[in-house]
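> Sequence and computational prediction follow.
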Amino acid sequence: MKFPSLEQITSQSISAFKRFPLAVISALITMSLIIYLIEVDGPNYEHFETLIKIAFTASLGIFMFTALRLLGDKNPLCFVGIVAIVGYYFILPNMKDPSSMVFERHFFLNLMFFIIILWASYWKSNPSNEEFWEWTQRVMFGFLTSILFAVILYAGLSGAIFSIDKLFSLEVEGKRYGQLVFLVIGLFGVTYFLSQIPKNPHNLVIHAYTKIETIFAKYIITPLVIFYFLILYTYTFKILASGSFPKGILAWIIIAFSAVAVISYLFWTPLWSERAK
């Protein structure tokens, strides 16, 4: 794994835009508005609430339009997505002082669309577990590497700006670093992730597990599932014994357990297949 060259980044960005135009446009709208709001000192700006609601709504479109594109090439799906985005804008509450529930709901909506991305290409077919896991690995690896490369790119650019600032006394404002975060995510992070989504999920070459992946499946992810399982059932017995109502954190623990359990199942798929042979 190596950082892509400028030529590769340009080529991948163009490819991502051609394949997922609405998702890329959503990312660019989000990036542009947040950078602008940082520039005008955010909440003090008279149109802050309108613009932050648009940015908030557009950010939902990144995963949503990607999922809809993978579900099919039909225009009605895009139209449904646009209607849903507009509707989401109007149900958003006051964004000058939003509650934590607004952010939690937004997080889970994005998580839902990301999960749809993982199976959308196979909804009309019946792939083997190995084929599905190979696709899932590539999508998730593309997502994680896009985060890693975005962090590396931001670190390099912010370091360069900081050096120029100190060497030449340019007095770069602190908010430039915040703007740079969203510039990197919008122009590079999103398009790189989208470019890593395989174009033909039905012709993927299934690779053999490496030693690291085998160790991760057997000795890291599996013990985590057992650990969360014990926590949940111990807490269940505590509820039954005390008769007290479950705390809000229980929902997050259940979500974490479900996520780790699914990942564990997927990681074990190639190992079970090897034993079957």
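Happy to help now that I have it. Numbers count the residues shown, from 1 in each chain.
> C-alpha from now on. contacts and neighbour counts both.
Noted.
> So for the biggest helix by length in the chain, what gets flagged as buried?
With residue count as the measure and DSSP state H as the assignment, the chain has helix 129-168 as its longest helix. Taking 16 or more other CA atoms under 10 Å as the basis for neighbour counts, the residues of helix 129-168 that come out buried are 130-136, 138-140, 142-143, 145-147, 149-151, 153-154, 157-158, 161-162.
> any idea of the mean pLDDT in that helix?
Here helix 129-168 scores 87 as its mean pLDDT.
> ok, now stretch 226-242?
Summarised as a single mean, pLDDT over stretch 226-242 is 69.
> Likewise for stretch 78-88?
The average pLDDT within stretch 78-88 is 90.
> any chance you could map the helices in the chain?
Listed in chain order (using DSSP H), the helices of the chain are 6-19, 21-39, 48-71, 75-91, 100-119, 129-168, 175-184, 190-195, 211-216, 222-242, 249-276.
> So which of those helices is the most surrounded?
With neighbours defined as mean count of other CA atoms under 10 Å, the helices of the chain peak in mean count at helix 190-195, which reaches a mean of 24.
> Show me which helix or strand of this protein is least confident by mean pLDDT.
Taking mean pLDDT, DSSP states H and E as the measure, helix 249-276 is the helix or strand of the chain with the lowest mean score, a mean of 63.
> thinking again about what came up before, who does the longest helix of the chain touch, helix- and strand-wise?
In this structure, helix 129-168 makes packing contacts with helix 100-119, helix 175-184, helix 190-195, helix 249-276, judged by 3 or more CA pairs under 8 Å, 6 or more residues apart in numbering; DSSP states H and E.
> which other helices and strands contact the third one?
Secondary structure elements in contact with helix 190-195, counted by 3+ CA pairs under 8 Å, 6+ apart, are helix 6-19, helix 21-39, helix 129-168.
> Figure out which of those helices is closest to residue 80.
With CA to CA, the closest approach to residue 80 among those belongs to helix 21-39: 12.4 Å.
> average pLDDT across the closest one?
The average pLDDT within helix 21-39 is 94.
> Give me the angle between it and helix 48-71.
Orientation of helix 21-39 against helix 48-71 (axes from the mean of the first three to the mean of the last three CA atoms, to 10 degrees) gives an angle of 160 degrees.
> Which residues does helix 21-39 contact?
Taking contacts as CA atoms under 8 Å, 6 or more residues apart in numbering, the residues outside helix 21-39 that touch it are 16-17, 45, 48, 51-52, 54-56, 58-66, 175, 178-179, 182-183, 185-187, 190-191.
> Equivalent analysis for stretch 94-114, please.
Outside stretch 94-114, the residues touching it (CA under 8 Å, 6+ apart) are 43, 48-49, 52-53, 60, 63-64, 67, 92-93.
> and the two most separated of these?
For the contacts of stretch 94-114, with distances taken as CA to CA, the pair at the greatest spread is 43 and 67 (32.4 Å).
> Now residue 57. Nearest residue, chain neighbours left out?
Setting aside the residues directly before and after it, residue 57 is nearest to residue 89 in space (CA to CA, 6 or more residues apart in numbering), at 5.8 Å.
> wait, what's in contact with that neighbour?
For residue 89, the contact set (CA under 8 Å, 6+ apart) comprises 53-54, 57.
> Now do the contacts for residue 132.
Listed by CA under 8 Å, 6+ apart, the contact partners of residue 132 are residue 119.
> The chain should start at 25 in everything you say after this.
Shifting the count to begin at 25 puts that one at residue 156.
> mind checking how far it is from residue 147?
Relative to residue 147, residue 156 is positioned 11 Å away (CA to CA, to the nearest Å).
> Contacts only, for residue 95.
So residue 95 contacts 144-145, 147 (CA under 8 Å, 6+ apart).
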